[in-house]
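Student: Give me a model of this one.
(3 chains)
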Amino acid sequence: MLLADLARVSAAVAATGSRSEKTGLLAGLLRVAAPEEAPVVVTYLAGRLPQGRVGIGWSLLRDAPAPAAAPSLTVRDVDRAVGAIAAVSGKGARAERQRLLSALMGAATAEEQRFLRGLLGGELRQGALDALAVEGLAAAAGAPPEDVRRAVMLGGSAAAVARELLAHGPEALSAFRLEVGRPVLPMLAQTAKDVDDALDRLGPCAVEEKLDGIRVQVHRDGERVRIWTRALEEITDRLPELARVARELPVERAVLDGEVIALDGTGRPRPFQETAGRVGSRLDVAGAAVSVPLSPVFFDLLAVDDHDLLALPLTERHAELARAVPEPLRVRRLVVADPADAAARAAAREFAEAVLRHGHEGVVVKALDAPYNAGRRGASWLKVKPVHTLDLVVLAAEWGHGRRTGKLSNLHLGARRPDGSFAMLGKTFKGLTDALLSWQTEHLLALSVSDDGFVVRVRPELVVEIAYDGVQRSSRYPEGVTLRFARVLRYREDKRASEADTVATVRGFLPR
DNA sequence: TTCCGACAGTGGGGTCGCAAT
DNA sequence: ATTGCGACCCCACTATCGGAA
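Tutor: Next up is the predicted model:
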């Protein structure tokens, strides 16, 4: 198959808003793909590379050679070239990657170059990623989409499923099942406003503490333990203390879902930045384990010994978890059997407040009858976190991309200093409706003092109410603090910049 | 006909590893 | 030694399509 075929279909997929049309186009291409090239084709159509990230970012993609006049590249050529780029390391790696990339780009037509830039940069922007590629695969093979999706979740990748499915038909799907040693995408949670909102939406449920750490999926098979992150990156060798704990559990085989977090001597969580730093660090694991030890806390059990628990309701999975994992290694929780009962609701609220007093992030409320929906952000898990707000001043705004092209999008936010100047605390582009984007573009341009084509600086007069999750230390911003997960709630036209919140107020929210 | 679940898009800050300077 | 880039950790929110109610 030619790369030009992929580039053409990708452009057509991007051009339509209809999802059924998108899957139809994807299916059409997969139908004519040979089984041996299908794994690469389906991965490309999902906007990813079979090799994962290969060390090419915006800087290497900036200038491409002149495009070829006629298409000649095959999908196999591209896969080989990307494989060669992925294999580059050591001294001179950057120049060597650039050289290989230029050779590839030089052999591509203008439309193929567009496709490759999107694919290699991780921003294909065709309005279809994994989910629609899997839909297209199902349509191409004449298999039920739900069965294909399940096979992909349990088999780890759309590529492996595509190969088997196109070679052997829908019967091949039953071979993909949960195996100890092969990670599955973790189940995710939606957001609820508060505990009462969550109880109203769920019925009988468990309220569990939400720890601000790193999600881990732990597989134990006898003495062998392996650990994966949320995105299924393997981090086994960075967490030897977790592997030790897993080996001591009174089971032979297990797949556990949980969180690792750095705690201080009294059991309170250390700042997220410390947990993330420890988990991210590859060097000197033994030393790091002494300085920043991590504690595992488990909340789900996906398999034990030879039993696959995914389809069981949470109640039954938790009963198995309680058998396999001692209480101190489990997340604290409160079961609410009848959310209509006023006393039970009050107890749930009090539990959540106690969790916050212990310094944790919030709670996750989970329906007791829900199975483990791997890879889904379903409505049966609802997270509840407190929201803080500040009134800040817009100092500048950046021109948006994609569907925000032509609109001022990313806001630079400032807090007031005692001398009347403003200190930048961070940026946000979140929470904006289309109406708000238009409104702020118009009003900020009226306040503009400069525009370099990327950032529009404005007179600091517009006040905006910002929601955020917490204040953390920063090496980037002048006052050494920044907001975590800032998002726009509304503009405060009733407030002047001189009434905005101060740097001192924000710094006062730093932990400890 | 309306509602709502799932998906994609739009990017944010921090930290680490590695190569280049 | 410092700097820049790339990768990956955490994440919120809106718009839209299309099936469910």
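Student: Show me the helices in the stretch 151-300 of chain A, by range?
Tutor: A:158-168, A:195-202, A:240-247, A:272-280, A:285-291 (DSSP state H, counting those that start in this stretch).
Student: can you tell which of these is closest to A:Gly222?
Tutor: helix A:240-247 (8.8 Å; Cβ to Cβ). Where you see a C-beta, it was placed from the backbone N, CA and C, and this is true even at glycine.
Student: what about the residue in the stretch 151-300 of chain A positioned nearest to DNA strand B, neighbour count?
Tutor: Of all residues in the stretch 151-300 of chain A, A:Gly277 sits closest to DNA strand B, at 3.1 Å by Cβ to the nearest atom of the strand. The tally of other residues near A:Gly277 (other Cβ atoms under 10 Å) stands at 13.
Student: so it sits right up against A:Val292, yeah?
Tutor: Yes: judged on Cβ atoms under 8 Å, A:Gly277 makes contact with A:Val292 at a distance of 7.4 Å.
Student: which parts of the stretch 1-150 of chain A sit against DNA strand B?
Tutor: With Cβ under 7 Å from any atom of the strand as the criterion, the stretch 1-150 of chain A meets DNA strand B at residues A:47, A:89-95, A:123-133, A:149.
Student: Swap in 10 Å and give it another go.
Tutor: With Cβ under 10 Å from any atom of the strand as the criterion, the stretch 1-150 of chain A meets DNA strand B at residues A:13-14, A:19, A:22-23, A:26, A:46-47, A:55, A:57, A:88-98, A:118, A:122-136, A:145, A:149.
Student: Give me the buried entries from these.
Tutor: By neighbour count, with 16 or more other Cβ atoms under 10 Å, these hold A:13-14, A:22-23, A:26, A:46-47, A:55, A:88, A:96-98, A:118, A:124, A:126, A:128, A:130-136, A:149 as buried.
Student: re earlier: let me see the confidence value for the residue of the stretch 151-300 of chain A closest to DNA strand B.
Tutor: If you check A:Gly277, the pLDDT there is 85.
Student: quick one: low-confidence ranges for the stretch 301-450 of chain A?
Tutor: Within the stretch 301-450 of chain A, no stretch has pLDDT under 70.
Student: Can you show me the helices along it?
Tutor: A:314-324, A:342-357, A:434-446.
Student: among those, which is nearest A:Val75?
Tutor: Of all the helices of the stretch 301-450 of chain A, helix A:434-446 sits nearest to A:Val75, with 37.5 Å by Cβ to Cβ.
Student: Would you map the helices across the stretch 1-150 of chain A?
Tutor: With DSSP H, counting those that start in this stretch as the criterion, the stretch 1-150 of chain A has helices spanning A:3-15, A:19-31, A:38-45, A:58-61, A:75-87, A:93-106, A:110-121, A:130-141, A:145-155.
Student: which of the ones you listed sits most buried?
Tutor: Mean neighbours per residue, mean count of other Cβ atoms under 10 Å, is largest over the helices of the stretch 1-150 of chain A for helix A:38-45, with a mean of 26.
Student: Is stretch A:8-28 positioned near DNA strand C?
Tutor: Yes: using Cβ under 10 Å from any atom of the strand, we find that stretch A:8-28 touches DNA strand C at A:16-24.
Student: Using PDB, list the CA coordinates for that stretch.
Tutor: Below are the C-alpha coordinates for stretch A:8-28, written out as PDB (Å, rounded to 0.1, in the frame of the first residue of the first chain):
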ATOM      1  CA  ARG A   8      -5.500  10.900   0.900                       C
ATOM      2  CA  VAL A   9      -7.900   9.000   3.300                       C
ATOM      3  CA  SER A  10      -6.600  11.000   6.300                       C
ATOM      4  CA  ALA A  11      -7.400  14.200   4.500                       C
ATOM      5  CA  ALA A  12     -10.900  13.000   3.700                       C
ATOM      6  CA  VAL A  13     -11.400  11.900   7.300                       C
ATOM      7  CA  ALA A  14     -10.300  15.300   8.400                       C
ATOM      8  CA  ALA A  15     -12.700  17.000   5.900                       C
ATOM      9  CA  THR A  16     -15.900  15.400   7.200                       C
ATOM     10  CA  GLY A  17     -17.500  16.000  10.600                       C
ATOM     11  CA  SER A  18     -19.600  12.800  10.500                       C
ATOM     12  CA  ARG A  19     -18.200  10.000  12.600                       C
ATOM     13  CA  SER A  20     -19.900   7.300  10.600                       C
ATOM     14  CA  GLU A  21     -18.400   8.700   7.400                       C
ATOM     15  CA  LYS A  22     -15.000   8.800   9.100                       C
ATOM     16  CA  THR A  23     -15.200   5.100  10.100                       C
ATOM     17  CA  GLY A  24     -16.400   4.300   6.600                       C
ATOM     18  CA  LEU A  25     -13.400   5.900   5.100                       C
ATOM     19  CA  LEU A  26     -11.000   4.200   7.500                       C
ATOM     20  CA  ALA A  27     -12.700   0.800   6.900                       C
ATOM     21  CA  GLY A  28     -12.400   1.200   3.200                       C
END
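Student: Serialize the helices of the stretch 301-450 of chain A to JSON lines and add fields for mean neighbour count.
Tutor: What follows is the helices of the stretch 301-450 of chain A, written out as JSON lines (neighbours: other Cβ atoms under 10 Å):
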{"stretch": "helix A:314-324", "mean neighbour count": "18"}
{"stretch": "helix A:342-357", "mean neighbour count": "15"}
{"stretch": "helix A:434-446", "mean neighbour count": "15"}
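Student: Would you reformat these as CSV and include distance to DNA strand C?
Tutor: As requested, the helices of the stretch 301-450 of chain A are exported to CSV (distance: least, Cβ to the nearest atom of the strand, whole Å):
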stretch, distance to DNA strand C
helix A:314-324, 19
helix A:342-357, 14
helix A:434-446, 4
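Student: and of those helices, who's closest to A:Arg163?
Tutor: Set against A:Arg163 and scored by Cβ to Cβ, the helices of the stretch 301-450 of chain A come closest in helix A:314-324, at 31.6 Å.
Student: Run a quick neighbour tally on A:Lys366.
Tutor: Neighbour tally, A:Lys366, other Cβ under 10 Å: 25.
Student: Quickly list the domain ranges of chain A.
Tutor: Per automatic domain parsing, the domain ranges recorded for chain A read A:3-174, A:188-384, A:388-507.
Student: And stretch A:40-58, how far out from the chain middle?
Tutor: Relative to its chain's centre, stretch A:40-58 lies at 17 Å (Cα atoms, centre = their mean, to the nearest Å).
Student: how long is that stretch end to end?
Tutor: 23 Å (Cα to Cα, to the nearest Å).
Student: how about the nearest residue to A:Gly400, chain neighbours excluded?
Tutor: A:Ser409 (3.2 Å; Cβ to Cβ, 6 or more residues apart in numbering).
Student: Next, work out how far apart that neighbour and A:Ala14 are.
Tutor: Applying Cβ to Cβ, to the nearest Å, the value for A:Ser409 to A:Ala14 is 20 Å.
Student: likewise A:Ala33?
Tutor: For A:Ala33, the distance to A:Ala14 equals 20 Å [Cβ to Cβ].
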